[in-house]
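K.L.:
model this:
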Amino acid sequence: MAFTINRNMSRWIIIVASFIIISLILWNTYVFFQNFKAEERTKMELWSFAQETLIESESDDEIEMTSRIIESNTTTPMILIVPGGTIGSIRNIDTTRVSNPNQYLEKLKTRFQNENTPIQVVADDKLYGTMYYGNSPLLNKLKYYPLALLVIIFLFAAVVYFFYKSSKTADQNKLWTGMAKETAHQIGTPLSSLVGWTEILRSEQVNPEYLSEIEKDISRLQTITERFSKIGSVPTLKAIDIVKETLDSYDYLKARSSNLIDFEISVPEQAIMVELNQQLYSWTIENLVKNAIDAMKGKGHIKISIENDGKFVKVQVTDTGKGIAKQHFNTIFQPGYTSKKRGWGLGLSLAKRIIEDYHKGKIKVLRSDIGKGTTMQISLRLIS
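P.N.:
Numbering: from 1, shown residues only. Below is the predicted model:
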């Protein structure tokens, strides 16, 4: 649990640091945009001053100089409205591709007025016109720079995330496979010996009831060995009655659990067929029930129920244990997460892998109340 908390803390630190970096980049971009816009404002004020000077100029040198300043504006679109409200002149605006130039220019004027404060052209204390100007193409492109930057950052983060996730999954797969194969191998040797000893005991005329119980446990060990041997390989799914498989797991667990555990089951009478692997499904039910028993500290009520909604069959395991905090609904399925002092925290992670990766179903905490209990739910698609 401490490992999971530290890992989550590291993730939050990375997320907060990334947010701060992105915020700083966007803020600097905004400041740069405003400075660039202020420079354009200065240029347009200079253009307005040149226009006023041109009106007042008498010498050829002054006219030539101001004309050059006026002609130097090759990017910023502008409309000069003379007194009376008519258009005096336009610059850097293409009206050849529009059907109604006057209507187009009127819309541009309104847009320019929203983008920038108009500048009045005054000479000899007389208003010669009002200049409306818009943002230059470069400034318009700069407006979308933060959005493009966010898209790039998002794509980069997505690549890093998927690389990290695939790498992590690959490592987990190797760990699962190695542990499972080794466990199956270790169980297999004494299991073969037990089968031999059973035959010897039978020849010694030992009570058949004792032998029957021993053979049941040997059969169970063989099932467990088969389960572990399937980890790391694609399991075979068959059309199986999930009601019968659930009842079989229920009967086995009830017979081998403490009398302090009150078991209850509610299942339909008719068969419900799904694509299932018997060994892995029963393993999942066992993990859920054992977790429920641990949550109740060995004493309480466990109910297993099956519902059919027409598309999915839903298997629910309900206990009267200590409950799970809502913020841990997803965390409990992570490998290594456990609230117990002993254990590896692999049971629910394994259950999630079996149901979601192998059976393409869904497993989740349906509901949980602290101090009252928890309901876990498995959803599997029906065979159509």
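K.L.:
how about the strands in the stretch 1-150 of the chain?
P.N.:
With DSSP state E, counting those that start in this stretch as the criterion, the stretch 1-150 of the chain has strands at 78-81, 87-91, 119-123, 126-133.
K.L.:
got the ones you listed as JSON lines, with distance to L191, mean neighbour count and mean pLDDT columns?
P.N.:
For glycine as for every other residue, the C-beta is placed from the backbone atoms N, C-alpha and C. JSON lines is the format used below for these (distance: least, C-beta to C-beta, whole Å; neighbours: other C-beta atoms under 10 Å; pLDDT from 0 to 100):
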{"stretch": "strand 78-81", "distance to L191": "90", "mean neighbour count": "20", "mean pLDDT": "85"}
{"stretch": "strand 87-91", "distance to L191": "91", "mean neighbour count": "16", "mean pLDDT": "82"}
{"stretch": "strand 119-123", "distance to L191": "93", "mean neighbour count": "17", "mean pLDDT": "79"}
{"stretch": "strand 126-133", "distance to L191": "87", "mean neighbour count": "19", "mean pLDDT": "82"}
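K.L.:
Please name the residues that touch M296.
P.N.:
Contact partners of M296, counting by C-beta atoms under 8 Å, 6 or more residues apart in numbering, are I261, I302, D319, T320, G321, K322.
K.L.:
ok, now with 7 Å
P.N.:
D319, T320, G321 (C-beta atoms under 7 Å, 6 or more residues apart in numbering).
K.L.:
now do L211
P.N.:
Neighbours of L211 in contact, by C-beta under 7 Å, 6+ apart: T198, L201, R202.
K.L.:
Just the buried ones from those?
P.N.:
Buried members of the contacts of L211, counted by 16 or more other C-beta atoms under 10 Å: none.
K.L.:
could you dump the residues you listed to JSON lines with pLDDT, distance to A239 and secondary structure?
P.N.:
Shown next, in JSON lines, are those (pLDDT from 0 to 100; distance: C-beta to C-beta, whole Å; DSSP: H, G, I helix; E, B strand; the rest coil):
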{"residue": "T198", "pLDDT": "80", "distance to A239": "34", "secondary structure": "helix"}
{"residue": "L201", "pLDDT": "81", "distance to A239": "39", "secondary structure": "helix"}
{"residue": "R202", "pLDDT": "79", "distance to A239": "37", "secondary structure": "helix"}
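K.L.:
List just the nearest of those to S368.
P.N.:
T198 (43.4 Å; C-beta to C-beta).
K.L.:
Within the helices and strands, which one has the residue found closest to that closest one once you drop the neighbours it is linked to in the chain?
P.N.:
Among residues not flanking T198 along the chain, I214 sits closest, at 5.8 Å (C-beta to C-beta, 6 or more residues apart in numbering). Applying DSSP states H and E as the criterion places I214 in helix 208-230.
K.L.:
The helix or strand following that helix pairs with which strands?
P.N.:
For helix 208-230, the following helix or strand on the C-terminal side (DSSP H and E) is strand 238-241. As defined by DSSP bridges, the strand partners of strand 238-241 come to strand 273-276 (antiparallel).
K.L.:
And the strand it pairs with, what's buried?
P.N.:
In strand 273-276, the ones that count as buried by 16+ other C-beta under 10 Å are V274, E275, L276.
K.L.:
I'd like the residues you listed written out as CSV, with pLDDT and distance to P146 added.
P.N.:
Formatted as CSV, the buried residues of strand 273-276 follow (pLDDT from 0 to 100; distance: C-beta to C-beta, whole Å):
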residue, pLDDT, distance to P146
V274, 95, 50
E275, 94, 49
L276, 93, 51
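K.L.:
I'd like to know how far A50 sits from G196.
P.N.:
107 Å (C-beta to C-beta, to the nearest Å).
K.L.:
Tell me which of the two has more neighbours.
P.N.:
A50 (21 against 9; other C-beta atoms under 10 Å).
K.L.:
ok now do D369, which residues does it touch?
P.N.:
Contacts of D369 (C-beta under 7 Å, 6+ apart): G323.
K.L.:
Phi and psi next, for it.
P.N.:
Backbone torsions of D369, given as degrees, to the nearest 10, read phi -130, psi 130.
K.L.:
swap in K254?
P.N.:
Torsion angles, degrees, to the nearest 10, at K254: phi -60, psi -40.
K.L.:
which residue sits closest to it in space, ignoring its chain neighbours?
P.N.:
Per C-beta to C-beta, 6+ apart, closest to K254 is F263, 4.6 Å.
K.L.:
Show me the beta-bridge partners of that neighbour.
P.N.:
I302.
K.L.:
where does the chain have low pLDDT?
P.N.:
By pLDDT under 70, the low-scoring segments of the chain are 1-8, 11, 51-73, 166-186, 188-189, 227-233, 335-346.
K.L.:
any chance you could map the helices in it?
P.N.:
2-56, 60-71, 101-115, 137-143, 145-203, 208-230, 242-255, 278-295, 347-352 (DSSP state H).
K.L.:
Give me the contact list for the fourth one.
P.N.:
Applying C-beta under 7 Å, 6+ apart, the external contacts of helix 137-143 come out as F33, F36, K37, E40, T75.
K.L.:
Pipe those into a markdown table and attach neighbour count and distance to Y145 per row.
P.N.:
Listed next are the contacts of helix 137-143 as a markdown table, based on neighbours: other C-beta atoms under 10 Å; distance: C-beta to C-beta, whole Å:
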| residue | neighbour count | distance to Y145 |
| --- | --- | --- |
| F33 | 16 | 8 |
| F36 | 15 | 11 |
| K37 | 17 | 13 |
| E40 | 19 | 16 |
| T75 | 14 | 17 |
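K.L.:
Check the gap between T223 and A239 for me.
P.N.:
20 Å.
K.L.:
between the two, who's got more neighbours?
P.N.:
T223 (14 against 9).
K.L.:
Look up the closest residue to the more buried one, ignoring the ones flanking it.
P.N.:
Nearest one to T223, counting by C-beta to C-beta, 6+ apart, is Q279 at 5.8 Å.
K.L.:
cool, and I81?
P.N.:
Nearest to I81 is T130, by C-beta to C-beta, 6+ apart, at 5.0 Å.
K.L.:
quick one, what contacts the one you found?
P.N.:
T130 neighbours (C-beta under 7 Å, 6+ apart): I81, P118, Q120.
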